[in-house]
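Engineer: heads up, no residue letters with this:
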């Protein structure tokens with residue numbers, strides 16, 4: 001049985017000169033996944049049979065040029081919305097949003113520049129955390145009491161604070177969070193030989209520590225300087241404003 005590992009190697013450059021990397025992931029049974037940080041594309045997935053012989057099970061290209069051409073989203077992340085949005089528009093909270101039309105009159109897989117065309121920041125790490133934290137464990141870690149709060153009340157608070165520009169995430173993000181399924185890692189452990197290198201509790205504590213020290217990313221919900229009295233910077237910049245179409 002082999003040791004799990006992740007390696008990185010160059011995979012070419014985008015037209016603007018940005019370097020694209022190829023990450024190769026190998027599990028304890030020898031299965032290999034090769035993923036590039038352009039579009040999060042799964043370039044190759046080789047799975048061993050009963051005798052240990054590896055077989056390729058996905059379609060892909062051997063170089064970056066193939067993925068830069070007009071391809072059918074081979075192995076790529078798609079979004080922000082997967083599939084088509086008719087007439088490239090939708091209504092949320094009585095506000096109509098118009099989108100880029102890249103499939104005739106429709107919006108497909110995130111539009112002209114979706115997740116499949118983003119250059120993602122990646123790190124070679126085996127540091128996934130587990131197991132899933134239940135309410136009792138969360139309360140213990142945070143030194144808090146459990147309190148059942150209706151989802152409708154939470155959404156109302158999120159909608160009001162967003163409308164007042166007190167926080168940058170519209171309530172649809174809360175809807176999505178409440179609908180996210182919890183992933184069971186049992187098969188990853190038993191079939192892929194995966195074991196977490198750190199606990200979910202440690203990962204949560206690291207997140208809290210990062211928030212305490214103002215860590216973040218260059219995006220409104222995660223920008224370190226996005227908080228503050230009445231979000232004065234948003235009033236000045238218009239970030240988070242919604243325009244009726």
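Structural biologist: That came through, no problem. In this text the structure is predicted, and so the values were computed from the model without any measurement.
Engineer: just the helices in this structure please.
Structural biologist: With DSSP state H, the ranges of helices along the chain come out as 64-68, 135-142, 151-163, 172-179, 186-192, 200-212, 232-237.
Engineer: average pLDDT for the last one?
Structural biologist: Helix 232-237 shows an average pLDDT of 52 in the prediction.
Engineer: before we move on, back to that, the helices of the chain: lowest mean pLDDT?
Structural biologist: Of all the helices of the chain, the minimum mean pLDDT falls on helix 232-237 (a mean of 52).
Engineer: break the chain into its domains for me.
Structural biologist: 1-126, 128-245 (automatic domain parsing).
Engineer: hey, which of the helices of the chain is tucked in deepest?
Structural biologist: Across the helices of the chain, averaging neighbours per residue (mean count of other C-beta atoms under 10 Å) puts helix 64-68 on top, at a mean of 16. No exception for glycine: its C-beta is placed from N, CA and C like everyone else's.
Engineer: poorly predicted segments of the protein, please.
Structural biologist: Along the chain, the model assigns pLDDT under 70 to residues 1-2, 125-128, 191-193, 216-245.
Engineer: a markdown table please, covering the helices of the chain and showing distance to residue 120.
Structural biologist: Below are the helices of the chain laid out as a markdown table (distance: least, C-beta to C-beta, whole Å):
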| stretch | distance to residue 120 |
| --- | --- |
| helix 64-68 | 13 |
| helix 135-142 | 29 |
| helix 151-163 | 27 |
| helix 172-179 | 20 |
| helix 186-192 | 22 |
| helix 200-212 | 20 |
| helix 232-237 | 26 |
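Engineer: packed most tightly, which of the domains of the chain would that be?
Structural biologist: Sort those by mean neighbour count, taking mean count of other C-beta under 10 Å, and domain 1-126 sits at the top with a mean of 14.
Engineer: quick one, what contacts the nearest residue to residue 205 once chain neighbours are set aside?
Structural biologist: Using C-beta to C-beta, 6 or more residues apart in numbering and skipping the chain neighbours, the partner closest in space to residue 205 is residue 141 (6.9 Å). Contacts for residue 141 (C-beta atoms under 8 Å, 6 or more residues apart in numbering) come out as 133, 201, 204, 205.
Engineer: re earlier: which one, of the helices of the chain, ends up nearest to residue 103?
Structural biologist: Taking C-beta to C-beta, helix 64-68 is the member of the helices of the chain nearest to residue 103, at 18.8 Å.
Engineer: packing partners for the closest one?
Structural biologist: strand 5-13 (3 or more C-beta pairs under 8 Å, 6 or more residues apart in numbering; DSSP states H and E).
Engineer: the strand it packs on pairs with which strands, and in what direction?
Structural biologist: Sheet pairing of strand 5-13 (DSSP bridges) gives strand 19-26 (antiparallel).
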